[in-house]
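S.K.: Sharing a sequence plus its predicted fold:
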Amino acid sequence: MNVRRGRNWKSGEVVELSWKEGAKEFVSVSALGQSSDDQLPFISPGFVDIQINGLAGVNFGNPEITTQDVLRAADLLASQGVTHFLPTLITDSVERMEASVERLARAAQSDEIGGGIVGIHLEGPYLSDVDGPRGAHPLAHCKDPDWNEFSRLQTAAKGWIRMITLAPERTGAVEFIKRAVASGVRVAIGHTAATREQILAAVDAGATLATHLGNAAHDMIQRHHNYIFDQLGEDRLLASLIVDGHHLPPHLVDIFVRVKGIDRIILVSDAVQYAGLKPGIYDGGYRQFEVRDDGFIGVVGEPRLAGSGLLLVKALENVTRFLRGNDVRPWIQTVTTNPRRWLGLDPCNLHEGGEASFVVWKWDDHTAELSIQQTVRAGRKVYAAL
Ligand SMILES: [Zn+2]
């Protein structure tokens, strides 16, 4: 029997978890009361990243991706406290996307990944073709929603597509959203130049998230009527945010959090395959990408960000710092219970019979650094700091 003791990240109470190695569920979770030992690390559910395109050279959108590539990515994510993630594909030809989802579904079902993949996120191809809102998605493949085409992708994915980001102004979007939601797929709004009416129609149809709010937008927008305010003010939409210091200025993160409320915020990495690589210029096929040492990743020759180099540990450190706090604990829910609830998972699995997935971490309030000590996914130790 494995036993791990730590402080519950929320209550501060000492909690003792026990599970059998490799068994998916906790045998017991016991609360042992308050502790005066402030060196005892914290325990929280594992972090969940609902938007990650790849990292360290692994691109989830590669039609030739192997289970070994996915496993390498999952291991690196585990070192960052991430137990569960949704490999995210950006817009590409449907043939290439079909090949990728087929391989990702195969990886998702493999023993090696051990339940780390909780679904696939399609960010595209049903996105705006307008410069700005389109972001770095290739113009040639942005198109109107097509249920038959999506069904073909979902069949190739063996039902693993759990989330789609689309632009609600696209012809047929409302009908598509209704069908997607009815089939169990979560719908997010993003890469959009929609009007208020179009956004509200999408929400009425079942869209429940604004993907990386404040990004993939025009440089200049109308002061009263714009798709950022309309998504910000709509309580039925949670917002995902990329808090790498490049995608959003700190004061805007503050405004978004205050308007939405922390219960409606999900931090995402939006990391791309260049995340974690040395600074330099990388050849991405039809374009080149620049990786800087401060985590900035952009398209060479275009004033556009191309995903981020950050992972969730850094996002948590940033958001704590940006909002002038010195305690990361209130933010943990934005990478644990909030995304879990939004996805329809057990919001907090730290209970008897809950999935034995958790992360043990320490927070240094002098340096504002979060350090991951151990990560366990579905009863398996997937990371331990030396
Ligand atoms: Zn995007």
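M.R.: Cool, the structure landed.
S.K.: tally of neighbours for the residue lying closest to residue 138 once chain neighbours are set aside?
M.R.: Excluding its sequence neighbours, the residue lying closest to residue 138 (CB to CB, 6 or more residues apart in numbering) is residue 91, at 5.9 Å. In short, each C-beta sits where N, CA and C put it, glycine included. Neighbour count for residue 91, taken as other CB atoms under 10 Å: 27.
S.K.: what about the most centrally placed residue in the chain, which SS state?
M.R.: Centroid check for the chain by CA atoms, centre = their mean gives residue 50 as the closest residue, at 2.6 Å. With DSSP: H, G, I helix; E, B strand; the rest coil as the basis, residue 50 sits in strand.
S.K.: pretty sure it contacts residue 85?
M.R.: Yes. The pair residue 50 / residue 85 is scored as a contact, 7.5 Å apart, by CB atoms under 8 Å.
S.K.: Could I get the contacting residues of residue 271?
M.R.: By CB atoms under 8 Å, 6 or more residues apart in numbering, residue 271 lies in contact with 49, 52, 53, 54, 55, 307, 308, 309, 310, 311.
S.K.: Output stretch 330-337 as PDB, nothing but the C-alphas.
M.R.: These are the backbone C-alpha positions of stretch 330-337, laid out as PDB (Å, rounded to 0.1, in the frame of the first residue of the first chain):
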ATOM      1  CA  PRO A 330      -6.500  30.300  -4.400                       C
ATOM      2  CA  TRP A 331      -5.500  29.800  -8.000                       C
ATOM      3  CA  ILE A 332      -5.100  26.000  -7.900                       C
ATOM      4  CA  GLN A 333      -8.800  25.600  -8.600                       C
ATOM      5  CA  THR A 334      -8.200  27.200 -12.000                       C
ATOM      6  CA  VAL A 335      -6.200  24.200 -13.100                       C
ATOM      7  CA  THR A 336      -8.000  21.500 -11.100                       C
ATOM      8  CA  THR A 337     -11.600  21.700 -10.000                       C
END
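S.K.: Run a quick neighbour tally on residue 143.
M.R.: 16.
S.K.: picking that back up, for the residue nearest to the centre of the chain, what are its contacts?
M.R.: Residue 50 sits in contact with 85, 86, 88, 121, 163, 240, 266, 268, 339, 342, 343, where contact means CB under 8 Å, 6+ apart.
S.K.: can you give me the helices for the stretch 101-250 of the chain?
M.R.: Remark: helices assigned in the stretch 101-250 of the chain by DSSP state H, counting those that start in this stretch are 147-156, 173-182, 196-205, 227-232, 250-260.
S.K.: from those, which stretch is densest packed?
M.R.: helix 227-232 (a mean of 21; mean count of other CB atoms under 10 Å).
S.K.: Would you mind pulling the contact partners of it?
M.R.: With CB under 8 Å, 6+ apart as the criterion, helix 227-232 contacts 133, 189, 192-196, 199-200, 210, 213-214, 217, 221, 237, 239, 256, 259-260.
S.K.: mind saving the C-alpha coords of that helix as CSV?
M.R.: Only the C-alpha atoms of helix 227-232 are listed here, as CSV (Å, rounded to 0.1, in the frame of the first residue of the first chain):
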residue,chain,number,x,y,z
TYR,A,227,-16.6,40.2,-29.0
ILE,A,228,-14.2,40.5,-26.0
PHE,A,229,-16.6,42.4,-23.8
ASP,A,230,-19.5,40.2,-25.0
GLN,A,231,-17.8,37.0,-23.9
LEU,A,232,-16.4,38.6,-20.7
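S.K.: Quick one: distance of it to the chain centre.
M.R.: What separates the centre of helix 227-232 from the centre of its chain is 20 Å, taken as CA atoms, centre = their mean, to the nearest Å.
S.K.: how is the protein carved up into domains?
M.R.: As assigned by automatic domain parsing, the chain contains the domains 2-43+352-384, 46-343.
S.K.: Turn those into CSV, columns for mean pLDDT.
M.R.: Below are those laid out as CSV (pLDDT from 0 to 100):
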stretch, mean pLDDT
domain 2-43+352-384, 95
domain 46-343, 95
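S.K.: still on that earlier bit, would a markdown table of the contacts of residue 271 with distance to residue 365 be doable?
M.R.: Shown next, in a markdown table, are those (distance: CB to CB, whole Å):
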| residue | distance to residue 365 |
| --- | --- |
| 49 | 25 |
| 52 | 28 |
| 53 | 32 |
| 54 | 32 |
| 55 | 28 |
| 307 | 30 |
| 308 | 25 |
| 309 | 25 |
| 310 | 21 |
| 311 | 21 |
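S.K.: which one of these is nearest residue 356?
M.R.: residue 49 (19.4 Å; CB to CB).
S.K.: highest average neighbour count across the domains of the chain?
M.R.: domain 46-343 (a mean of 20).
S.K.: What is the end-to-end distance of that domain?
M.R.: The first and last residues of domain 46-343 sit 14 Å apart, counting by CA to CA, to the nearest Å.
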